[in-house]
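Asks: Model the following, please.
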Amino acid sequence: MSEMICVGSIAGAYGVRGELRVKSYCALPEDIETYTPLWSEKRDRQFTLAILRPIKNGFAARITDISTKEEADALRGTDLYALRDQLPSLPDDEFYHADLMGLEVYDTGGTLLGRVKTVQNHGADDLLELQLAGSSATTFLPFTKKDVPTVDLSAGRIVADPPDGILPDPSKT
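Replies: Sure, this is the predicted structure:
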């Protein structure tokens, strides 16, 4: 498990006075401010974030030492990470997306289906994007208790019972 979790990203400047547009990936979006200091992915930059106000698709925020539009724009696309020990512990049936990525996925009969490539959410339940075993193809698996009854982080594996039609038909390959 990674010691850092991505909690948001900088979408660019907001205005001309060094304010930034920040997207939060937190369950409670405003919580991103409580995990300060935040870090860049390589942990070579540290950010002290202060939310100013909500805006469409995120927040207008300030970061210490950023005072111009150009400096703010230079940070566009920067992912913001919090140290795992800054974040709340999760109930047994909840997971940080970063912990699921890379896990091997097996069906209920023990056959390797693939590996979790990404975790996505388009407004409903989370979806696990699986890189299918022995293939470059991917498919999406609903991340529900019914379809994914077991997640064993310590063993690095997921047991899934995919709905019909999710996986390619082996007789047609």
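
Asks: what's the domain layout of this protein?
Replies: Following automatic domain parsing, one gets these domains for the chain: 4-86, 97-162.

Asks: among these, which is the most enclosed?
Replies: Stretch with highest mean neighbour count among these: domain 4-86 (a mean of 17; mean count of other Cβ atoms under 10 Å). Where C-beta positions appear, they are placed from N, C-alpha and C, glycine not excepted.

Asks: Okay, now that domain: how far is its last residue from its first?
Replies: Using Cα to Cα, to the nearest Å, the end-to-end distance of domain 4-86 comes out at 9 Å.

Asks: can you check stretch 77-85 too?
Replies: With Cα to Cα applied, stretch 77-85 spans 24 Å between its terminal residues.

Asks: Give the rounded mean pLDDT of the longest helix seen in the chain.
Replies: With secondary structure taken from DSSP state H, the chain has its longest helix at helix 69-74. Taken as a whole, helix 69-74 carries a mean pLDDT of 95.

Asks: same thing with stretch 115-133?
Replies: Mean predicted lDDT for stretch 115-133 stands at 87.

Asks: what residues does that stretch touch?
Replies: By Cβ atoms under 8 Å, 6 or more residues apart in numbering, the residues outside stretch 115-133 that reach it are 97, 100-105, 112-114, 137-144, 148, 158, 167-168.

Asks: out of those, which are inside helices?
Replies: Per DSSP H, the contacts of stretch 115-133 map to helices at 97, 100.

Asks: Out of the domains of the chain, which gets the lowest mean score?
Replies: Across these, the lowest-scoring stretch is domain 97-162, with a mean of 90.

Asks: so how far is the first residue of it from its last?
Replies: Using Cα to Cα, one end of domain 97-162 lies 19 Å from the other.

Asks: what are the phi and psi values for the nearest residue to Glu3 once chain neighbours are set aside?
Replies: The shortest distance from Glu3 to any non-neighbouring residue, by Cβ to Cβ, 6 or more residues apart in numbering, is to Arg84 (5.2 Å). Main-chain dihedrals, Arg84, degrees, to the nearest 10: phi -50, psi -40.

Asks: so Arg84 sits right up against Tyr35, yeah?
Replies: No. Counting by Cβ atoms under 8 Å, Arg84 stays clear of Tyr35, with 10.4 Å between them.

Asks: Tyr96 versus the spatially closest residue to Tyr35 that is not a sequence neighbour, what's the distance?
Replies: Leaving out its chain neighbours, the residue that sits closest to Tyr35 by Cβ to Cβ, 6+ apart is Ala82, at 3.8 Å. Here Ala82 is placed at a distance of 10 Å from Tyr96 (Cβ to Cβ, to the nearest Å).
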